[in-house]
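[1] Pasting the sequence and the predicted coordinates here, then a few questions.
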Amino acid sequence: MTQGPAEQNSHNPTFLFGALGLILLGAFTANICLGSAWISISDVWSALIQKESSDPIVSQIVMNFRLPRALTALLAGAALAISGLLMQTVFRNPLADPFVLGVNSGASLGVAIVLLILAPSGVALTQSLELSGNILVIIAASCGAAAVLAFILLFAQRVDVMSLLILGLMLSYAIGAVVSILMFYSMAERIQSFFSWSYGSFANVTWTQMRIFAPWMTFGIGATFFLAKPLDALLMGERYAESLGTNVKTSRIVTLGIASLLAGAVTGFCGPIGFLGIAAPHLCRYLFKTSSHRILIPGSLLTGASIALGSDLIAKAPGFDGALPLNAVTALIGAPVITTALMKQRNLGKVFGR
């Protein structure tokens, strides 16, 4: 008799959850303390709690720059990890990630239209604003991602999972071609602006934008916890899920909707962040040795947030004035994680119900 996903976890995950929680706390603290200027934990504590007695310069660095950046990395990493987990479960494919349906490409097209077409016509993109923090860029990226999502969901009820995966890949190639054409006819400085956005960054979400970003991420991630049972059923195949009374089409649409909206929002606010959505779920499965979403959802959340904070800490290059491209760092971290997980997790086919 085949065991269900929830029956495959034979050990107590409490220790691993505690360890991941400590790693996350350490990474979050390190992100606030370390950077071009090193700040002690006591000074950080004074800036957060004892504001009147703290150094005003230190307080400004912590409150206006490092704390919102760390919170953004935590929320974005958790959201991308959850999105990747949902995508991999729905498609039953270990290489699926948040951008497999073209969400990333749609966001890139929206930003390309703003930076490469509208900017020359006089749309306000003032130099005093950081690119990733520009609200117009955020709106453009979110609208592009939403348009692709609407197109995909239109076909979700008509085709099977593999056809939907292929459709998303073809859509990504088509949108990428349009972006390439726009770049071909654009000036060098505008192409550079687009490339700067495409590098990804957690640094430019302000407290004003956080009022939108944080509740949206919290709502999307929280909704995922109610999908644990349907996701376990979907992992065993559509027939098995239907035999348990699961509405497969509805579950698939809701799952893809949440995954795409989370990924689209992160892309809009932070730019396209690669590899996190693939690496975090794989590392989580390897650590917990289970395919039960009751364990994988919170585990992926902690893992993705920790990887994002660690990547951003490396990208900041503590002790130096410069910063590395975030996507380059996530690729260097994500690729070995994925390779190791795939090599050691030999029963990956069983995990995905094959």
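    In hand now; what should we look at? Numbers count the residues shown, from 1 in each chain.

[2] Need the residue closest to the centroid of this protein.
    Leu80 (2.2 Å; CA atoms, centre = their mean).

[3] and the nearest residue to Val254 once chain neighbours are set aside, helix, strand or coil?
    Nearest residue to Val254 in three dimensions, chain neighbours excluded: Leu227, at 7.2 Å (CB to CB, 6 or more residues apart in numbering). Where C-beta positions appear, they are placed from N, C-alpha and C, glycine not excepted. Here Leu227 is recorded as helix under DSSP: H, G, I helix; E, B strand; the rest coil.

[4] Pull the contacting residues for Leu227.
    Leu86, Ser251, Val254, Thr255, Ile258, His293 (CB atoms under 8 Å, 6 or more residues apart in numbering).

[5] before we move on, back to that, against Val337, how distant is the residue nearest to the centre of the chain?
    Distance of Leu80 to Val337, given as CB to CB, to the nearest Å: 14 Å.

[6] same check, this time on Val159
    Taking CB to CB as the measure, Val159 falls 32 Å from Val337.

[7] higher neighbour count, these two?
    Taking other CB atoms under 10 Å, Val159 and Val337 do not tie; Val337 has more neighbours (19 against 12).

[8] if we can go back for a sec, next, give me the two most distant ones among the contacts of Leu227.
    Spatial extent of the contacts of Leu227 (CB to CB) is set by the pair Val254 and His293 at 13.9 Å.

[9] Please tell me how far the helix or strand Glu189 falls within is from the chain's geometric centre.
    Using DSSP states H and E, Glu189 sits within helix 188-198. For helix 188-198, the separation from the chain centroid amounts to 22 Å (computed by CA atoms, centre = their mean, to the nearest Å).

[10] List the buried residues for it?
    Going by neighbour count (16 or more other CB atoms under 10 Å), the buried part of helix 188-198 is Arg190, Ile191, Ser193, Phe194, Ser196, Trp197, Ser198.

[11] likewise stretch 171-186?
    Under 16+ other CB under 10 Å, the buried positions of stretch 171-186 are Leu171, Ser172, Ile175, Val179, Leu182, Ser186.

[12] The second one reaches Ala107, doesn't it?
    No - here Ser172 lies out of contact with Ala107, judged by CB atoms under 8 Å, at a distance of 11.2 Å.

[13] For the helix holding Glu189, name the packing helices and strands.
    Judged by 3 or more CB pairs under 8 Å, 6 or more residues apart in numbering; DSSP states H and E, helix 188-198 is in contact with helix 103-112.

[14] Helix 188-198 and the helix it packs on, what's the angle between them?
    Helix 103-112 runs at 150 degrees relative to helix 188-198, counting by axes from the mean of the first three to the mean of the last three CA atoms, to 10 degrees.

[15] As CSV, could you dump the C-alpha coordinates of helix 103-112?
    The C-alpha coordinates for helix 103-112 follow below in CSV (Å, rounded to 0.1, in the frame of the first residue of the first chain):
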residue,chain,number,x,y,z
VAL,A,103,5.4,35.8,-14.2
ASN,A,104,9.0,37.1,-14.2
SER,A,105,8.9,37.7,-18.0
GLY,A,106,5.6,39.6,-17.7
ALA,A,107,7.1,41.8,-15.0
SER,A,108,10.2,42.5,-17.1
LEU,A,109,8.0,43.5,-20.0
GLY,A,110,6.1,46.0,-17.9
VAL,A,111,9.3,47.6,-16.6
ALA,A,112,10.8,47.6,-20.1
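
[16] if we look at whichever helix or strand comes after it, which residues are touching it?
    Sequence-wise, the next helix or strand downstream of helix 103-112 (DSSP H and E) is helix 135-156. Under the contact criterion CB under 8 Å, 6+ apart, helix 135-156 has outside partners 101-111, 113-115, 123-125, 131, 164, 167-168, 171, 175, 197, 209, 249, 252-253, 256-257, 260-261, 263-265, 267-269, 271.
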